[in-house]
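Enquirer: Whatever this is, show me its structure:
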Amino acid sequence: MSSSHSKFTSNTTNVRFQNKCYVSQDGVAHCQSYYEMEEVKVPEHYKEQIKICVANPGRFMASWTLLTKLFGEPQLYDYIRKNEWSKEELKEFEINEELDY
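Expert: Just a heads-up that it's a prediction; the model follows:
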């Protein structure tokens, strides 16, 4: 069996193609093609969660850690800097009540 893979990426979508070909016992060649689309992960898709972390520094460390693993710390900080959210904009994302863990 032979198999080939290719990948196309646009700004918002990855498309992975896979072709599988084989020759059956009776000598007939068979080929199957598959494709899978997946959304490219960008910080904008997680804007609300990022704003919650920024508005509540040190409070949601697990979320922050996952975001840095997903995008890398430099890209995440760059995204935050570019958005220049004011304290007023972040106010609606502040969580002041006690959370049940």
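
Enquirer: all helices for this structure, in order.
Expert: Here the chain has its helices, by DSSP state H, at 47-55, 61-71, 73-83, 87-91.

Enquirer: buried ones in the third one?
Expert: This means helix 73-83. Using 16 or more other CB atoms under 10 Å as the test for burial, helix 73-83 gives 76, 79. (Each C-beta comes from the backbone N, C-alpha and C, glycine too.)

Enquirer: any idea how far residue 67 is from the most centrally placed residue in the chain?
Expert: Taking CA atoms, centre = their mean as the criterion, residue 41 is the residue nearest the geometric centre of the chain, at 2.7 Å. Using CB to CB, to the nearest Å, residue 41 is found at 10 Å from residue 67.

Enquirer: just residue 78 next, same as before
Expert: 13 Å.

Enquirer: domain parsing for the protein?
Expert: With domains defined by automatic domain parsing, the chain comprises 2-39, 43-91.

Enquirer: May I have the distance across the last one, first residue to last?
Expert: Yep, that's domain 43-91 we're talking about. 20 Å (CA to CA, to the nearest Å).

Enquirer: closest to residue 18 out of the helices of the chain?
Expert: helix 61-71 (24.9 Å; CB to CB).

Enquirer: That closest one: which residues count as buried?
Expert: With burial defined by 16+ other CB under 10 Å, the residues of helix 61-71 counted as buried are 64, 67, 71.

Enquirer: wait, which of those residues is closest to residue 90?
Expert: residue 64 (14.8 Å).

Enquirer: quick one: that closest one and residue 53 touch, right?
Expert: Yes - with contacts counted by CB atoms under 8 Å, residue 64 reaches residue 53, the gap being 4.8 Å.

Enquirer: Great, nothing more from me.
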